[in-house]
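Chemist: pasted the sequence and its predicted model underneath.
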Amino acid sequence: MSRLFSIKNFGCRATQADGAGIAADLAARGLHRTEDHAAADVVVLNTCTVTAEADRDARQAIRRIHRENPGAEVLVTGCYAQRSPQELSNIQGVKWVVGNSHKHEIGEMIAPRLVQIGGALQQRHAYHGEIVAGTTLVGDVAELRTVPSMPVGDPLGRSRPNVKVQDGCSNRCAFCVIPSVRGRSRSATAEAVIREIRALQDRYAEIVLTGINLGRWGRDLDGRPKFVELLRAILSQTTVGRIRLSSVEPMDWSEDLIEFMAGSERIAKHVHVPLQSGSDAVLRRMRRKYRVRHYEGRLALVRRWVPLAAIGADVMVGFPGETDDEFEQTRAFVERMPFTYLHVFSYSSREGTEAADMDAQVPKSVKRERSRVLRELIDRKNLEFRRNLVGSTVSAVTLAAGEGTSRALSENFVEIHLKSEETEPGLLTRVRIESVEAGRTVGSSVGHAAMPVC
C-alpha cells in the first residue's frame, strides 16, 4: 500500500521553495502527498527560526500533529532544525531532525524505509558534520558552497510557485541568525534556474524568484554576473508570462535593475526593499550597510522609472536601545516615503547574535505600541494607493478562490476580488478596478492573456 506524507512550511519564500522540492522528491520516490496531517504516515515540518514566535509556532504544530496522529513519523527540518536540533529532538513525536545542511537528502533518507534510519546511513553522512543523536543529521552550513539541485515541485494550493535562485547570506546584521543556519551567500547557476522555470512555465503564468539575499545572485559564480543578467536570460530563454521578484536589499536595486523592470511587461511592477529602521543611529547599531539617504535615493529611482509600482518594506520595531526619538524618525520616514505596504515585526532576541547581548532591551509593551502605530499608518497609505487605482485597468494573475469569491493579484501587488462567480486560477488577465469597499478592492476581468496556465 502507498505510504502517505504531508508537509507544512513555515516562514519565507525560500523555505516555501525548499518545501516544494522536498515534496517533489518524496513523490518521485513513490510516496503520495496528502494535505491531511492526521492521515499521513510521515509529516515533514519545514521550519523558520527568524523570531522566537516562529520557533513557538513550530513547537505547537509538532505537538498538535502528534496529538492528532500519534502514529505518524514526524520529521523536522529547516532553519530551526539547523539551529536547535537537540531542543526539537526532545519533543514527543519527533522521529527525525534534519538540518538545512542535509535538507536536499531527505527523500533519499526516508523514502526507502519510513520507520528508521539505519546505521549504515548514519556512517555515510557522518563526514558532513556532527550527528547530534541517532535520528538527527546536522552539518556545518559554513561548508556549503552551492545551492543543491532538487526536483521541481508544484506548490500545493498556490497559483504562483517560488523558484529559489540564491541561498544563504554573507552579511552579519546584528539581529539576524539566518547566516548561521543557512550559510554564506551562494547562487544557483543561470542554467539551473532556466531549467526549473522551463519545467513550470506551461503550468503557471507567474513565477516568483526568491532567495535569502536575492540581489547578491551571481557574486560567487564565474565572471560574477549581475542579477539583472539572470533576468535577461530568463526572459530570452523561457516563455513564462511573468516573473515577480521577492525581497532585494536596498543597495542591490541598481538603476539598471529598476530600468529593466520598467521596460519589461513580463516583470511584475513590485519592489520589496527591506528597511528595518528609518533612523541612521539604529541602522548603524544593526550593522546594516546603508543609511536613510541611500534608501530614499533608491525609492526615488523606483518612482521615476515605475510610477505605479508596489513598494514594500520590512520594518523592525524595538531593536535594543531604540529610543522614542529614533522610532519617531522611522515613523516619519514611513510617512513621507511612497510605501504601499509594510511587514512590521518586533525585534526578537536570537542567541548567538550581537544584538542579544546589547543593553537597553525594549519592553514588549513598547514594541506592541510601536507596531500598532506603524500598522495603522501603512493601512492608511495602502488604502490611499488602492483608491488611486480605481478606474484603471491592471495586469493580474488569477488566484485560487477564497472566501467564496474569485481573486486576482495585480502586478503591483493588490489583491482584487473579482465579480465573476468562478475564475480558473493561474491565468494572466486584465482587470478593471472598480471600487474599494470595506477594505476590499473589487474589479472585473476584461480579458485574459493568450496563455492559459493551470
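Modeler: Nice, I can see it. Numbers count the residues shown, from 1 in each chain.
Chemist: only C-alpha atoms for contact and neighbour calcs from this point on.
Modeler: Will do.
Chemist: okay, now the unreliable bits of the stretch 151-300 of the chain?
Modeler: Low-confidence regions of the stretch 151-300 of the chain, defined here as pLDDT under 70, cover residues 156-157.
Chemist: can you give me the helices for it?
Modeler: Chain-ordered helices for the stretch 151-300 of the chain, with DSSP state H, counting those that start in this stretch as the definition, fall at 178-182, 190-200, 227-237, 255-263, 280-286, 292-305.
Chemist: then stretch 383-397 to CSV, C-alphas only?
Modeler: In CSV, the C-alpha atoms belonging to stretch 383-397 read as follows (Å, rounded to 0.1, in the frame of the first residue of the first chain):
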residue,chain,number,x,y,z
LEU,A,383,-5.9,52.3,1.2
GLU,A,384,-5.0,55.6,-0.5
PHE,A,385,-2.8,53.7,-3.0
ARG,A,386,-5.7,51.3,-3.9
ARG,A,387,-8.2,54.1,-4.2
ASN,A,388,-6.0,55.9,-6.6
LEU,A,389,-6.2,52.8,-8.9
VAL,A,390,-10.0,52.9,-9.2
GLY,A,391,-10.9,53.2,-12.8
SER,A,392,-7.6,51.9,-14.1
THR,A,393,-7.0,48.6,-15.8
VAL,A,394,-4.2,46.4,-14.5
SER,A,395,-2.5,43.2,-15.4
ALA,A,396,-3.1,40.4,-12.8
VAL,A,397,-2.8,36.7,-12.3
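Chemist: report the buried residues of it.
Modeler: Using 16 or more other Cα atoms under 10 Å as the burial criterion, the residues of stretch 383-397 that qualify are 383, 385, 386, 387, 389, 390, 393, 394, 395, 396, 397.
Chemist: so for that stretch, mean pLDDT?
Modeler: The average of the pLDDT scores along stretch 383-397 is 96.
Chemist: highest average neighbour count across the helices of the stretch 151-300 of the chain?
Modeler: Mean neighbours per residue, mean count of other Cα atoms under 10 Å, is largest over the helices of the stretch 151-300 of the chain for helix 178-182, with a mean of 22.
Chemist: next one: that one to chain centre, how far?
Modeler: When C-alpha coordinates are averaged (Cα atoms, centre = their mean, to the nearest Å), helix 178-182 and its chain have centres 15 Å apart.
Chemist: kindly list the longest helix within this structure.
Modeler: Under DSSP state H, the helix in the chain containing the largest number of residues is helix 364-387.
Chemist: around residue 75, count how many other residues there are.
Modeler: Residue neighbour count, defined by other Cα atoms under 10 Å, stands at 25 for residue 75.
Chemist: hang on, it is in a helix, isn't it?
Modeler: No: counting by DSSP: H, G, I helix; E, B strand; the rest coil, one finds residue 75 to be strand, located in no helix.
Chemist: picking that back up, from the buried residues of stretch 383-397, which single one is nearest residue 12?
Modeler: residue 397 (21.0 Å; Cα to Cα).
Chemist: re earlier: buried stuff in the longest helix of the chain?
Modeler: Taking 16+ other Cα under 10 Å as the neighbour-count basis, helix 364-387 is seen to contain the buried residues 367, 370-371, 374-375, 377-378, 381-383, 385-387.
Chemist: on that earlier part again, mind putting the buried residues of stretch 383-397 into CSV with distance to residue 297?
Modeler: Rendered in CSV, the data for the buried residues of stretch 383-397 read as follows (distance: Cα to Cα, whole Å):
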residue, distance to residue 297
383, 24
385, 21
386, 24
387, 26
389, 25
390, 29
393, 29
394, 27
395, 27
396, 29
397, 31
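Chemist: quick check: residue 188 vs residue 235, distance?
Modeler: Residue 188 sits 17 Å away from residue 235, taking Cα to Cα, to the nearest Å as the criterion.
Chemist: and what of residue 147?
Modeler: According to Cα to Cα, residue 147 stands 22 Å off from residue 235.
Chemist: ok, residue 61 next?
Modeler: For residue 61, the distance to residue 235 - Cα to Cα - is 40 Å.
Chemist: go on, residue 22?
Modeler: 27 Å.
Chemist: which residues touch residue 3?
Modeler: Shown in contact with residue 3 (Cα atoms under 8 Å, 6 or more residues apart in numbering): 31, 32, 40, 41.
Chemist: and if you look at residue 274?
Modeler: For residue 274, the set of contacting residues under the criterion of Cα under 8 Å, 6+ apart consists of 247, 248, 249, 250, 312, 313, 314, 315.
Chemist: and if we set it to 7 Å?
Modeler: With Cα atoms under 7 Å, 6 or more residues apart in numbering as the criterion, the residues that contact residue 274 are 247, 249, 250, 313, 314.
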